[in-house]
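Engineer: just the structure for this:
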Amino acid sequence: MKLTVSDLTKTFGRKTAVSHVNLELTPGVYGLLGPNGAGKTTLIRLLVDLLRPDQGAVLLDGKNISDMGEEYRMQLGYLPQKAGYYPWLSAEKFLLYMAALKGLDRADAAERTRTLLQTVGLYEERKKHLSAYSGGMLQRVEIAQALLNDPKILILDEPTTGLDPQERIRFRNMIRRFSGDRIILLSTHIVSDVEQEADQVILLREGHVVRTGTVQEISSSVAGKAVEDGTSPLENAYLRYCGQEAS
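Structural biologist: Numbering: from 1, shown residues only. Model prediction:
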């Protein structure tokens, strides 16, 4: 499986949000790292076919995703930066509802819902209305919904927002467990979210890809230069390439 991003460009009025981006993604975990306003969310919306590019294309094994329609969406799991939910539903009913929208039959939906609620640590609270959930709990429910259809391509926009340190560890363990033969793209401005888990890191600044490589490759590319106090090697590289304070 290969997801190819070819000369992808998207503008909004006079602002170019994504500019001539070229990437090749094969199974593995990718960290899309950049400051707020770098174009990460726009790039992700192009990758999940919520936006159409002004130039270029996204191809899955040579097929334009804009032409694939349902065939592409069946292979895709997506967590938007600001996900919606129905506060009057329980977590269990919400996931069963989302599973129906994704086309799962009742037996598969029930099994996946049960398994994923256990995975994200919410099985005991599955009957509670979402209105009673904390922000971190809601984020875990949304991560679970992105995994309902056992996607081959998993794209997560700021997935650790609202998670406490223990929940972040749980999330990282879950990503490691689910990686396997999937393409997983994590978009974030938090260096530690990708430092331990990403096979490849993509640095984005002002809509441009400014560097790609492994954590070691990117960290080594600024070796010997002055290091900001208290930063890791990847954080230092992020500061150098993206020009803003790392988180």
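
Engineer: L203: what secondary structure?
Structural biologist: strand (DSSP: H, G, I helix; E, B strand; the rest coil).

Engineer: surely it and P35 touch.
Structural biologist: No: at 10.1 Å, L203 does not count as touching P35 under the criterion of Cβ atoms under 8 Å. (Each C-beta comes from the backbone N, C-alpha and C, glycine too.)

Engineer: tally of neighbours for E70?
Structural biologist: 8 (other Cβ atoms under 10 Å).

Engineer: quick one on the thing from earlier: which neighbours do L203 and P35 share?
Structural biologist: C242 (Cβ atoms under 8 Å, 6 or more residues apart in numbering).

Engineer: those two: which is more packed in?
Structural biologist: Using other Cβ under 10 Å, the more surrounded residue of L203 and P35 is L203, with 22 against 17.

Engineer: mind checking the SS state of the closest residue to the more buried one other than its chain neighbours?
Structural biologist: In space, and not counting its chain neighbours, L203 is closest to R211: 4.3 Å by Cβ to Cβ, 6 or more residues apart in numbering. Under the three-state scheme (three-state DSSP), R211 adopts strand.

Engineer: check contacts around R211.
Structural biologist: Neighbouring residues of R211 by Cβ under 8 Å, 6+ apart: V201, I202, L203, I218, S221, A237, Y241.

Engineer: among those, which pair sits farthest apart?
Structural biologist: Across the contacts of R211, the longest distance by Cβ to Cβ is 14.0 Å; it joins I202 and S221.

Engineer: the more surrounded of these two?
Structural biologist: Each of I202 and S221 has its neighbours counted (other Cβ under 10 Å); I202 has more, 25 against 14.

Engineer: understood, closing this out.
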